[in-house]
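Asker: return atomic coordinates for the entry below.
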Amino acid sequence: MLPAEVSVFIAGGGPFGLTLASELGRRGVPVALVDPKDGTTRNVQANATQARTMEHYRRLGFADEVRALGMPPDFPTDIAYFTRFAKHELARFSLPSSRDARSLVKTLSGSWSAAELPHRCNQKFIEPVLRRHAERLPGVSVNFGWRLTQFEVLDNGVRVRAEPAAGGAPRTVSARYPVGADGPRSLVRQRLGIRYTGETGVTRDFAGGRMIAVYCRIPRFYAELPHAPAWMNVNFNRERRCFMPALDGKDEFAFHTQLKAHEDEAGVTDASAAAMVQQAIGAPLGVEVLARGAWTAGHSLVAERFGAGRVFIGGDAAHLFTPTGGLGYNTAVEDAVNLGWKLAAVLKGQAGPRLLESYDAERRPLALRNTAYARGFADSLGIEPPPEIEDDSPAGVAARRRAGEHFARHGAAEFNIPGITFGGRYDGSPAIVSDGSAPPPDSANVYVPTACPGGRPPHLWLGDGRSLFDTFGFEWTLLRLGKDDGVEFQGEARRLGLELSIVDVKTQEARELYAAELSLIRPDQITAWRGNDARAAATVLAKLTGRG
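Answerer: You can find the predicted model right below:
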């Protein structure tokens, strides 16, 4: 039964809503979450958990649990491009298995110095983990089978009406803050009068138009095909283009193809969907359709605001991507991480309400940045195949060579993205104290570690084998890298009721990375301030908590 009163009411139980529930619940904030589905998604959706998201799952305590999901531990996470899966391989971008990623991560430096590497696993397997961990937290009420139907904003809170999705008596819940995590058709966003801005309806030869998703089983796929296994299988021909990630590394796949002008999604049956998969394979392998549905590619949409007053939105309610680069789901998780600590700090009296203004100031520019990157990847993927691409002729060989060169470049550009993953920044935010330094240029495929306030702290592995990030507290962390003891920050944090962890890392490597005596890390593991002494602690913390 839904509680009658909570601090935060979340409409939507996808990655954004469930992660937000965990962020709040871990901080002792009472939460109610509703979602009209009868459980976490059964549809095959996002397939790539980027390294920054895995770092947040590590912070929340379940990165290892997520990394154990999906494909076998020794299955390669390569991205391979073909004319058809049983025909010509055009290019391949090789990436490590989940087993290799566990050991490889401790050997990397520079752009890929990280606590975690990416993990390739479908969202349908990850959402149950997010749900289970949220439900374990005291004060968190997760209610699938319920939908938000209306809300009324009052002086000091909101009154929410929720109803059982299958019919039944409605219930009224009082909350201090409601959050719309209710997807692209968000009732919350629409009731606030907030519109999407950006591009929609973009058409391309592929990754722009009406798509059919087919969750299928192909028992003989790896036994019959002449190529090495890959996680992501992409084909390039004029009859049936698709991308098809492996789900379990055995026989289950998520097939996505764009409908041709003469094809009507309403007329697609299980039999015709199976035939589409067989066209992409280029061999008459048996295909069992487990589920299917239509969706639209070609979106690069961001809400004009991420909330109004005490009502907030995030995830697909706030931004909608074409899924190239796997950026939609990962952007949604970071929305939740950003909003969660701020709501908790305000509710617990540790910060002023103005802190919440920084959510839109920080996350909306990141959504604009990330949708632009995804659009560029889609443009590159959506080029039109030449007529001779499958011909057994010198012209066909030459066409395949050119296509292979293009997709070799494309694969590296789309799937080696430390700059996108780690390089998102909150410069100019009211919840950042600038030191006047300039960050490195934003680049998709290169990340330059920097402690310039506003971005992810530089990572390093400590002498005892731990990640530096594992030493951070769940709330605020003061890194002491030199002689200053930061005592002023400790005293001011106590006065404000902030939980502040002190971490000493007095190595030459750390001092060079952070380029300061002290660095203050926010609860979302963002560098908030750095300096060579702590005398400005009161002013710094007043600004960072929405009081200055």
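Asker: mind checking the SS state of the closest residue in space to residue 27 that isn't next to it in sequence?
Answerer: Excluding the flanking residues, the one nearest residue 27 by Cβ to Cβ, 6 or more residues apart in numbering is residue 344, at 3.9 Å. For the C-beta atoms, the positions are set from N, CA and C on the backbone; glycine is no exception. The three-state label given to residue 344 by DSSP: H, G, I helix; E, B strand; the rest coil is helix.
Asker: my guess is residue 344 contacts residue 25. True?
Answerer: No: Residue 344 is beyond contact range of residue 25, at 9.5 Å (criterion: Cβ atoms under 8 Å).
Asker: more neighbours, these two?
Answerer: Remark: of residue 344 and residue 25, residue 25 carries more neighbours, 25 against 22, as counted by other Cβ atoms under 10 Å.
Asker: confidence score at the nearest residue to that one once chain neighbours are set aside?
Answerer: The shortest distance from residue 25 to any non-neighbouring residue, by Cβ to Cβ, 6+ apart, is to residue 137 (3.2 Å). The model reports residue 137 with a pLDDT of 98.
Asker: residues near residue 137, how many?
Answerer: 19.
Asker: heads up, I number from 18, so please use that
Answerer: Shifting the count to begin at 18 puts that one at residue 154.
Asker: so how far is residue 40 from it?
Answerer: Distance of residue 154 to residue 40, given as Cβ to Cβ, to the nearest Å: 10 Å.
Asker: hang on, residue 487 in a helix?
Answerer: Yes: under three-state DSSP, residue 487 falls within a helix.
Asker: so which residues of the stretch 268-417 of the chain form helices?
Answerer: 287-298, 344-364, 374-398, 411-432 (DSSP state H, counting those that start in this stretch).
Asker: which one of those lies nearest to residue 542?
Answerer: helix 344-364 (8.2 Å; Cβ to Cβ).
Asker: what residues are up against the residue nearest the centre of the chain?
Answerer: The centroid of the chain falls nearest to residue 347 when counting by Cα atoms, centre = their mean (0.6 Å). By Cβ atoms under 8 Å, 6 or more residues apart in numbering, the residues touching residue 347 are 63, 65, 66, 67, 69, 70, 438.
Asker: in a markdown table: the residues you listed, plus secondary structure, pLDDT and distance to residue 216.
Answerer: Formatted as a markdown table, the contacts of residue 347 follow (DSSP: H, G, I helix; E, B strand; the rest coil; pLDDT from 0 to 100; distance: Cβ to Cβ, whole Å):
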| residue | secondary structure | pLDDT | distance to residue 216 |
| --- | --- | --- | --- |
| 63 | coil | 90 | 20 |
| 65 | strand | 94 | 22 |
| 66 | strand | 97 | 26 |
| 67 | coil | 97 | 23 |
| 69 | helix | 98 | 25 |
| 70 | helix | 98 | 25 |
| 438 | helix | 97 | 23 |
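Asker: and which of the residues you listed is nearest residue 523?
Answerer: Closest to residue 523, out of all of these and judged by Cβ to Cβ, is residue 69, at 26.7 Å.
Asker: which ones are touching that closest one?
Answerer: Taking Cβ under 8 Å, 6+ apart as the test, what residue 69 contacts is 347, 351, 438, 439, 441, 473.
Asker: quick one: which of the helices of the stretch 268-417 of the chain is nearest residue 223?
Answerer: Nearest to residue 223, of the helices of the stretch 268-417 of the chain and by Cβ to Cβ, is helix 374-398 at 6.3 Å.
Asker: what is the burial count for the spatially closest residue to residue 372 that is not a sequence neighbour?
Answerer: Leaving aside its sequence neighbours, residue 372 sits nearest to residue 563 (Cβ to Cβ, 6+ apart; 3.1 Å). By the other Cβ under 10 Å criterion, the neighbourhood of residue 563 contains 20 residues.
Asker: how many residues are close by the closest residue to residue 300 other than its chain neighbours?
Answerer: With sequence-adjacent residues excluded and distances taken as Cβ to Cβ, 6+ apart, residue 300 is closest to residue 103, at 3.9 Å. The number of residues packed near residue 103 is 18, by other Cβ under 10 Å.
Asker: residues touching residue 103, list them.
Answerer: Contacts of residue 103 (Cβ under 8 Å, 6+ apart): 241, 242, 243, 298, 299, 300.
Asker: how far away is it from residue 171?
Answerer: In terms of Cβ to Cβ, residue 103 sits 62 Å off from residue 171.
Asker: over to residue 52?
Answerer: Distance of residue 52 to residue 171, given as Cβ to Cβ: 24 Å.
Asker: more neighbours: which of those two?
Answerer: residue 52 (27 against 12).
Asker: ok, that one - contacts?
Answerer: Residue 52 touches 28, 29, 30, 31, 34, 160, 161, 162, 163, 164, counting by Cβ under 8 Å, 6+ apart.
Asker: again, but for residue 316
Answerer: Residue 316 sits next to 215, 216, 217, 219, 337, 338, 339 when contact means Cβ under 8 Å, 6+ apart.
Asker: so which of these are in strands?
Answerer: 215, 216, 337, 338 (DSSP state E).
Asker: per-residue pLDDT, the nearest residue to residue 287 once chain neighbours are set aside?
Answerer: Of all residues not flanking residue 287 in the chain, residue 306 sits nearest, at 4.3 Å (Cβ to Cβ, 6+ apart). Looking at residue 306, its pLDDT reads 97.
Asker: you'd agree residue 306 is up against residue 229?
Answerer: No: Residue 306 is beyond contact range of residue 229, at 10.7 Å (criterion: Cβ under 8 Å).
Asker: hmm, back to that, what about the residue nearest to residue 44, distance to residue 372?
Answerer: For residue 361, the distance to residue 372 - Cβ to Cβ - is 10 Å.
Asker: likewise residue 539?
Answerer: 11 Å.
Asker: try residue 499
Answerer: On the measure of Cβ to Cβ, residue 499 and residue 372 end up 29 Å apart.
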